[in-house]
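K.L.:
Return atomic coordinates for the entry below.
(one chain, ligands or ions: 1)
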Amino acid sequence: MQFSKWHGLGNDFVIVNGMKEHFSDYRQQALAVCDRNFGIGADGLVIILPSDIADFKMRIFNSDGSEADMCGNATRCVARYLYETGLTAKTAMTLDTLAGIIKPELIFENGKLATVKVDMGQPRLKRGETPMAGNPEEHAIHVPLEVNGKTYFVTCLSMGNPHCVIFVDDVATIDLPVIGPKIETHSLFPKKTNVEFIQVIDAHTLRMRVWERGAGITKACGTGASAALVAAVLNGHTGRKATVKLDGGNLFIEWADNNHIYKSGPAVEVFRGEYLL
Ligand SMILES: N[C@H](CCC[C@H](N)C(=O)O)C(=O)O
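P.N.:
Modelled structure (predicted):
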């Protein structure tokens, strides 16, 4: 199987052209390919497929084999991959995902790629959309969540995939490997959840550490950074534009007047190869 290895701020993916490479069980393949000892090693496997409602279809599988609705960092990598492999001549394209149509755009300055800007669509704020237990019409902003005998105040929402955002004084004090999986699999979240711990640096800067659903600690999470900005606005911590500082680098997020979230950041191809199925 021919593949290309990409990362967005260290959140890394194996990208495969599903129109050329054919294998049956994507979930099983994701488990094998993402294994950092027995496979290629990645946070996720991304398959590009044809679509009749967008330029391409993008399916994302976490390293535990689960299929995700959406992946912000992978979207930037896929946009660059499609353009640089000549699968599209467009610099602004549409990707059909389980979270809806996502629109990445390659932004060039003086003929060089400056950044990839993605229209991530609209945040979904109702419990029923996250999904999260409780009144499905209600928003979950700064609500108590009991874990390990400790009460956290969480703000939960969907970017097409579920997010549980928790504001803390110092993200360095969070024991992510312990608390992350407990919140990820908490009974409040019927489809589990991604977990973002956020420290407010100032009114336009957030520091984020993330435990991802189906992948564990990652260097960055695009949908998570988007959810973090929405939660920061809803809790009065920032304006509608902010830099989110992740372990792997910075993402710039904007919650625009059209209610869409725009996320800008890099996408890097590290190597290409042939994986022996
Ligand atoms: N683990 C996520 C998918 C990957 C999201 C993340 N890598 C991003 O950049 O948005 C989930 O199961 O919802």
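K.L.:
was I right about Met132 contacting Ser187?
P.N.:
No. With contact defined as Cβ atoms under 8 Å, Met132 does not reach Ser187; the gap is 10.5 Å. For every residue, glycine as well, the C-beta is placed using N, CA and C.
K.L.:
More neighbours: these two, which one.
P.N.:
Each of Met132 and Ser187 had its neighbours counted (other Cβ atoms under 10 Å), and the higher figure belongs to Met132 (26 against 6).
K.L.:
State the pLDDT value of that one.
P.N.:
Met132 is assigned 98 on the pLDDT scale.
K.L.:
So that it lines up with my notes, have the first residue be 2 from now on.
P.N.:
Okay, using 2 as the starting number, the last item reads as Met133.
K.L.:
The ligand versus that one, what's the distance?
P.N.:
Met133 sits 14 Å away from the ligand, going by Cβ to the nearest ligand atom, to the nearest Å.
K.L.:
With Ala173 instead?
P.N.:
22 Å.
K.L.:
Phe154 now?
P.N.:
Distance check for Phe154 against the ligand: by Cβ to the nearest ligand atom, it reads 22 Å.
K.L.:
In three-state terms, label Gln30 for me.
P.N.:
helix (DSSP: H, G, I helix; E, B strand; the rest coil).
K.L.:
The closest residue to it other than its chain neighbours: neighbouring residues, count only.
P.N.:
Closest residue to Gln30 apart from its sequence neighbours, by Cβ to Cβ, 6 or more residues apart in numbering: Phe24 at 5.5 Å. Per other Cβ under 10 Å, the neighbour tally for Phe24 reads 14.
K.L.:
which ones are touching Phe24?
P.N.:
Contact analysis of Phe24 by Cβ atoms under 8 Å, 6 or more residues apart in numbering lists 2, 30, 278.
K.L.:
would it count as being in a helix?
P.N.:
No. Assessed with three-state DSSP, Phe24 is coil; it does not lie in a helix.
K.L.:
quick one: secondary structure of Ala229?
P.N.:
For Ala229, the assignment made with three-state DSSP gives helix.
K.L.:
Provide a complete list of residue ranges assigned to strands in the stretch 2-151 of the chain.
P.N.:
Under the criterion DSSP state E, counting those that start in this stretch, the stretch 2-151 of the chain contains strands at 3-9, 12-18, 45-50, 57-63, 68-69, 96-98, 101-110, 113-120, 141-148, 151-159.
K.L.:
any idea how far the ligand is from the nearest residue to Arg128 once chain neighbours are set aside?
P.N.:
Closest residue in space to Arg128, ignoring its immediate chain neighbours: Gly135 at 4.7 Å, by Cβ to Cβ, 6+ apart. Distance of Gly135 to the ligand, computed by Cβ to the nearest ligand atom: 20 Å.
K.L.:
So which of the contacts of Phe24 wins on neighbours?
P.N.:
Gln30 (22 neighbours).
K.L.:
That residue contacts Leu46, correct?
P.N.:
Yes. Gln30 is within contact range of Leu46, at 6.4 Å (criterion: Cβ under 8 Å).
K.L.:
intersection of neighbour lists for the two?
P.N.:
Counting by Cβ under 8 Å, 6+ apart, the contacts common to Gln30 and Leu46 are Phe62.
K.L.:
now the contacts of Phe24 in CSV, with pLDDT?
P.N.:
Output for these, formatted as CSV (pLDDT from 0 to 100):
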residue, pLDDT
Met2, 95
Gln30, 95
Leu278, 87
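K.L.:
nearest to Arg128, of those residues?
P.N.:
Gln30 (33.7 Å; Cβ to Cβ).
K.L.:
so what's that closest one up against?
P.N.:
24, 46, 62, 278.
K.L.:
what do you get if the cut-off is 10 Å, keeping everything else the same?
P.N.:
Taking Cβ atoms under 10 Å, 6 or more residues apart in numbering as the criterion, Gln30 is in contact with 2, 15, 17, 22, 24, 40, 46, 48, 62, 66, 276, 278.
K.L.:
need the contact list for the second one.
P.N.:
Okay, so that is Val15. Taking Cβ under 10 Å, 6+ apart, we find Val15 in contact with 2, 4-7, 30-31, 34-35, 40-48, 62, 64, 274, 276.
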